[in-house]
Structure formats: structure tokens, C-alpha cells
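# okay, here's the prediction I keep looking at, along with the sequence it came from:
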Amino acid sequence: MNSLIKLELVRALRNRKAMFFSVLYPSLLFLLIAGNASSTEKLGDTGLTLPTYMMVSMASFGALTAVLMGNSERIAREREGGWVRQLRLTTLPGRGYVLAKTASAAVVSLPSIVIVFVVAAAVKDVRLDAWQWLALTGGIWAGSLVFAALGVALGYLATGDAVRPITMIVYFGLSMLGGLWMPTTTFPGWLQDISRWVPTHAYASLGQAIEQSRTPHTQDLVILAVSFAVFAGGAAWLYRKDTLKA
């Protein structure tokens, strides 16, 4: 299992196109959304400026992009190409495959988070305490594992031709409903009620809690923990199911 994890890490870092898209895309979106926003005016009752608020949203969005978009399609292609069939001849358990894919996706997500933070600090003068920068980096990075597991599950849920549109629907749905592109306070009341149960909303709320120097809501932590268990368990189950079909 360790050898597979190392192989997946090397493959992820060599994919320069995916790295470029995942790292720069969220930073450009941040500049597009918050570029002309005031660096002193507070956003509603959050106590945060729009650049500070959107910094966490875009860092979370960048991590989501890194772990979800490339992972699902790559896995589906590997299934069709016979690579997964070769792995079945080894003693690798389903959880080992899921762990390897999740770990490689997490490596790609870290630069996208850091670059958004650097751009926000340099361009929009976002200032936080040292512990907050560290906690934000660690929290958003760890939270991305939830969606890395989802990417693995989607890769086993559909074929190579069908996985891209399915992933895009999930990707944009999670981003919009989770409030990663705009504050959920701008949503109608009924949509705000729905968004509170979306894992991406809990994901972004975790970072916003750190910015506000408060303890994250228990509901958000539970949603993330349950989502990870469901996605990782589903990925392992689909892996075993695909093995039985072969």
C-alpha cells in the first residue's frame, strides 16, 4: 500500500496541467470577486470583510477543484485502461486504494490553498494572526479529504465517458449550494436552510470560524465527519463491487 501511495503522489505532482489549473484558477476567481471590494467594510453580521470572507471560500473551492475534478475522471480511465485490474492481482485492500487516491489528491490541494492566501494578503491586505494562518491551512487541507474520497467514489460510479458530466454537476452543485462563490446570506431563506446541510458549506464555515477566532459549530464538524465516512465507505464498497464484476 505504501508503494502505491508513493506512486500516486509522484503522478499527481507530474501532472503540470492539473496543477496549473488547480493552483491558479481559485486565485484568479478571488481577484475577480473581491478585487474591487473594500478591505475595511464588514460583510453583514459575519464581522469579516468581503476579501477575508471570500479568501476562505476560494481556498476551499481551490481544494475542492484539486481533489474532485481530476481524481474521478482519472480513476474511471484507469478502470477502462486495465490498471485497476492489475491492482486486483495484488493483496491491496479496497481501503488501501482509496487511501492512495485520497493522499495524492491532498498533495495537489495544498498549493491551491496557500496561493489563495498569498494573493489575498498581498493584493487585498488580508491580515490574520500567525496561528490563524496555520489553522486555516491545516483545517482546509484536512477538510479536502472529504471531497477527495467523493472523487474516488465518483470514479467508480461511472464510466470514463459519463464520469465528467456527473462530476461537473456535483462540482458546481456543491460549490454553489455551499456558498463558495457567494455568501449564503444572499440566498432565499429556503435555500439557506438547504445549504446549511451541504458539506461544502460546513467546509467553508470551518475556515470562517477560525477567522472569527471562535469554535466551529458542532453541526459543521458532524456534517464533515459523516460525509467523509459516507464517501470513503462508498468508494471502498464500489471498489469491491467492481472487483466482483471483473
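Okay, I see it. Numbering: from 1, shown residues only.
# spatially nearest residue to the residue nearest to the spatial centre of the chain, not counting backbone neighbours?
For the chain, the residue nearest the mean C-alpha position is Leu64 (2.4 Å; CA atoms, centre = their mean). The spatially closest residue to Leu64, leaving aside those adjacent along the chain, is Phe147, at 5.3 Å (CB to CB, 6 or more residues apart in numbering). All C-beta spots, glycine's among them, are computed from the backbone N, C-alpha and C.
# check which residues of the longest helix along the chain are buried.
Once the chain is assigned using DSSP state H, the helix that runs over the most residues is helix 50-81. For helix 50-81, the neighbour count (16 or more other CB atoms under 10 Å) marks 50-79 as buried.
# for this protein, which spans come out with low pLDDT?
Within the chain, the ranges that satisfy pLDDT under 70 run 1-22, 70, 79-98, 160, 242-246.
# ok, then the element right after the host helix or strand of the residue nearest to Leu64?
Per DSSP states H and E: Phe147 is located in helix 130-157. The helix or strand immediately downstream of helix 130-157 is helix 160-177, counting by DSSP H and E.
# next, the angle helix 50-81 makes with that following helix.
Calculated by axes from the mean of the first three to the mean of the last three CA atoms, to 10 degrees, helix 160-177 forms an angle of 160 degrees with helix 50-81.
# from the chain's centre, how far out does helix 160-177 sit?
On the basis of CA atoms, centre = their mean, to the nearest Å, helix 160-177 sits 13 Å off its chain's mean C-alpha point.
# ok, and what's touching the next helix-or-strand element following it?
Going down the chain from helix 160-177, the next helix or strand is helix 189-195, by DSSP H and E. The contact list for helix 189-195 (CB atoms under 8 Å, 6 or more residues apart in numbering) reads 177-179, 184-185, 187, 201.
# next, the buried residues of helix 189-195.
For helix 189-195, burial by neighbour count (16+ other CB under 10 Å) applies to Ser195.
# which secondary structure elements does the helix or strand that it is followed by contact?
Per DSSP H and E, helix 189-195 leads on to helix 199-211 as the next helix or strand towards the C-terminus. Applying 3 or more CB pairs under 8 Å, 6 or more residues apart in numbering; DSSP states H and E, we find helix 199-211 packed against helix 50-81, helix 130-157, helix 160-177, helix 218-245.
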